[in-house]
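Peer 1: The following comprises the amino acid sequence and a computationally predicted model.
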Amino acid sequence: MDRVSWSNLPEDLLVKIGKYLDALFDVIRFRSVCRRWRYSLSFLHINSHLEFPGMTDRNPQTSFAGYVSKSSYLVKNTVYILNQYATPSPISMPWLLKLEETEEGKLRIINPMSNSPVKDLPSTFPNVLNLLDFPILEVSRGYIRKDTFKRVEHATSIVTKAVMLPESGRVSIHDDFMVLNLCQDGGLILWRNGDDELKQINEHEFHYDDIAVYKGRFVAVDRWGTVSLVDSSSQLIKYTPPIFNGGSKKHLVVTSEDLYAVDRYLDRARTTRNPYKKEDAKVVAFKVYKLDEEWGWTEVTSLDNRILFIGEGLNFFVPIGELRGCNGNCIYFVDEDRTWYNDDDDALVGSTGHGIAVFNLVNGRIGKLSSFPGYSEMFWPPPSWFTAN
């Protein structure tokens, strides 16, 4: 049988393959094969900016500092592990980075633990990046919610996290999708594409710590560790029992099949007056729980040679095999109040202004990133093999 050139594959087959490409770099690689492949799949079918109604004066609980948003949009951001192709020389640490897709189709480098652009790039950093020159692994993806604001008399909080259904990276403004927003005061706001207004879910002032998508459903966890489903009619359905004798703040982590709740312990309790931000409270420990087959929480004492990242908007596991030189059973987390952080640590994370600290789940050791030698290399500076290209 005669060989058929890849460039001569039937048009209908190329279109069918293209429908299964979700990730940005998969689309770029596909379109770079040849001209026929490039024209068979439009780059614009992955919409990195999705606009929806802003917070209006009828929703003052979703504004902040005397401002209310006129319009809102979601910006897609993805965490990657960038590697070096095998060489005779010793291979250094991979680079963990987050890329934000701009409306112009460009990529902005973001700290993987926060939503802050990386500053103070080294002088050796290349002016033009071709990330197809490196092995690149997608670790996690999510959305950053951004707003334009106008001044109002009364306003109290902002949206801190947004998740979308369906999760596909191919969603466009013409598709049927929903966005669940978590406000700084613990409130939930739901919006379905096509609706003129946002819908407040927890009208009885019930507060939530985190939101996620699990098995194709919106889920939200409250400060006691109870997870509830959020359906398309804006109803909350209790999904799990609470975590008894728990800590101060809960985070959700979703893998392909499992749901985890990460409990953050502070050195003082939340107050009734300000339960969702206690100034100068120091993180002292974490506990990790996994939802078992009987719909209860089982404490996890080992991460099974994985590293857990608790960031702003994205929480995810990474196998230690993907980040050579790092120890497993560690939790990297954003130190929101910088209590485990000082200005000298800016050099470790690209001067983002956000502290990163580490907790060892096995021995309970906790400290700022700089107190764990070698642990910061995955963040900053970019590896020499990358900047030299």
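Peer 2: Everything's here; your move.

Peer 1: now G216, nearest residue through space, not along the chain?
Peer 2: Leaving aside its chain neighbours, G216 sits nearest to L165 (7.0 Å; criterion: CB to CB, 6 or more residues apart in numbering). For every residue, glycine as well, the C-beta is placed using N, CA and C.

Peer 1: S233 versus that neighbour, what's the distance?
Peer 2: 14 Å (CB to CB, to the nearest Å).

Peer 1: Then A281?
Peer 2: 37 Å.

Peer 1: hang on, the earlier thing: give me the beta-bridge partners of the residue nearest to G216?
Peer 2: M178 (DSSP bridges).

Peer 1: residue contacts, it?
Peer 2: F177, M178, L180, V213, G216, R217, F218 (CB atoms under 8 Å, 6 or more residues apart in numbering).

Peer 1: Got the phi and psi for the fifth one?
Peer 2: So that's G216. phi 80, psi 20 (degrees, to the nearest 10).

Peer 1: Kindly report the same for Y289.
Peer 2: phi -130, psi 150.

Peer 1: does it really touch I243, like I thought?
Peer 2: Yes: Y289 lies in contact with I243 (CB atoms under 8 Å); the separation is 6.0 Å.

Peer 1: Mutual contacts of these two, please.
Peer 2: G225, A261, D263, W297.

Peer 1: Geometric centre of this protein: which residue is closest?
Peer 2: Central residue of the chain (CA atoms, centre = their mean): L314, 2.2 Å from the mean position.

Peer 1: any idea how the chain splits into domains?
Peer 2: Domain ranges of the chain: 6-45, 49-387, per automatic domain parsing.

Peer 1: Tell me the helix or strand right after the helix or strand of the chain with the lowest mean pLDDT.
Peer 2: Using mean pLDDT, DSSP states H and E, helix 346-349 stands out as the lowest-scoring helix or strand of the chain, at a mean of 48. As assigned by DSSP states H and E, the chain's next helix or strand after helix 346-349 is strand 355-360.

Peer 1: Heading C-terminal from that following strand, find the next helix or strand.
Peer 2: strand 366-368.

Peer 1: Give the buried residues for that following strand.
Peer 2: Of all the residues in strand 366-368, those buried under the rule 16 or more other CB atoms under 10 Å are I366, K368.

Peer 1: same thing with stretch 180-192?
Peer 2: L180, N181, L182, C183, Q184, D185, G186, G187, L188, I189, L190, W191.

Peer 1: ok, now which ones touch the third one?
Peer 2: With contacts taken as CB under 8 Å, 6+ apart, L182 has the following neighbours: V159, T160, K161, A162, L188, Y208, D210, I211, A220.

Peer 1: Just the ones in strands from these, please.
Peer 2: Among these, DSSP state E puts V159, T160, K161, A162, L188, Y208, D210, I211, A220 in strands.

Peer 1: ranges for the strands of the stretch 1-150 of the chain?
Peer 2: 49-53, 67-82, 95-101, 107-110, 136-151 (DSSP state E, counting those that start in this stretch).

Peer 1: Report the rounded mean pLDDT for the last one.
Peer 2: Read that as strand 136-151. Computed over strand 136-151, the mean pLDDT rounds to 74.

Peer 1: ok, now the shortest one?
Peer 2: Within the predicted structure, the mean pLDDT of strand 107-110 is 82.

Peer 1: so where do the strands sit in the stretch 201-350 of the chain?
Peer 2: Listed in chain order, the strands of the stretch 201-350 of the chain (DSSP E, counting those that start in this stretch) span 208-214, 217-222, 227-230, 236-238, 249-254, 259-266, 283-291, 297-300, 306-310, 315-319, 330-335.

Peer 1: Could you list every helix and strand that the last one packs against?
Peer 2: With contacts defined as 3 or more CB pairs under 8 Å, 6 or more residues apart in numbering; DSSP states H and E, strand 330-335 has these neighbours: strand 283-291, strand 306-310, strand 355-360.

Peer 1: same question, the third one
Peer 2: Strand 227-230 makes packing contacts with strand 217-222, strand 236-238 when contacts are defined by 3+ CB pairs under 8 Å, 6+ apart.

Peer 1: now the stretch 201-350 of the chain, which segments are flagged as low pLDDT?
Peer 2: 202-205, 269-280, 325, 336-350 (pLDDT under 70).

Peer 1: ok, which pair from the contacts of L165 is furthest apart?
Peer 2: By the measure CB to CB, F177 and R217 form the most distant pair in the contacts of L165, at 14.0 Å.

Peer 1: So those two - more neighbours on which side?
Peer 2: Set F177 next to R217 and count neighbours by other CB atoms under 10 Å: F177 wins out with 20 against 14.

Peer 1: what's the pLDDT at the more buried one?
Peer 2: We have a pLDDT of 83 for F177.

Peer 1: From what I see, it and P166 are in contact.
Peer 2: Yes: with contact defined as CB under 8 Å, F177 reaches P166; the gap is 6.3 Å.

Peer 1: hang on, the earlier thing: which one among the ones in strands among the contacts of L182 gets closest to L229?
Peer 2: A220 (8.3 Å).

Peer 1: ok, now which ones touch the closest one?
Peer 2: So A220 contacts L180, L182, L188, Y208, D210, I211, V227, S228, V230, L236 (CB under 8 Å, 6+ apart).

Peer 1: Out of those, which comes closest to V318?
Peer 2: The closest of the contacts of A220 to V318 turns out to be D210 (CB to CB; 19.1 Å).

Peer 1: OK, contacts around the closest one?
Peer 2: Applying CB under 8 Å, 6+ apart to D210 gives the contacts K161, L182, A220, V221, K250, H251, L252, N315.

Peer 1: Reformat those as JSON lines; add distance to N77.
Peer 2: Converted to JSON lines, the contacts of D210 look like this (distance: CB to CB, whole Å):
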{"residue": "K161", "distance to N77": "12"}
{"residue": "L182", "distance to N77": "16"}
{"residue": "A220", "distance to N77": "21"}
{"residue": "V221", "distance to N77": "22"}
{"residue": "K250", "distance to N77": "23"}
{"residue": "H251", "distance to N77": "18"}
{"residue": "L252", "distance to N77": "18"}
{"residue": "N315", "distance to N77": "14"}
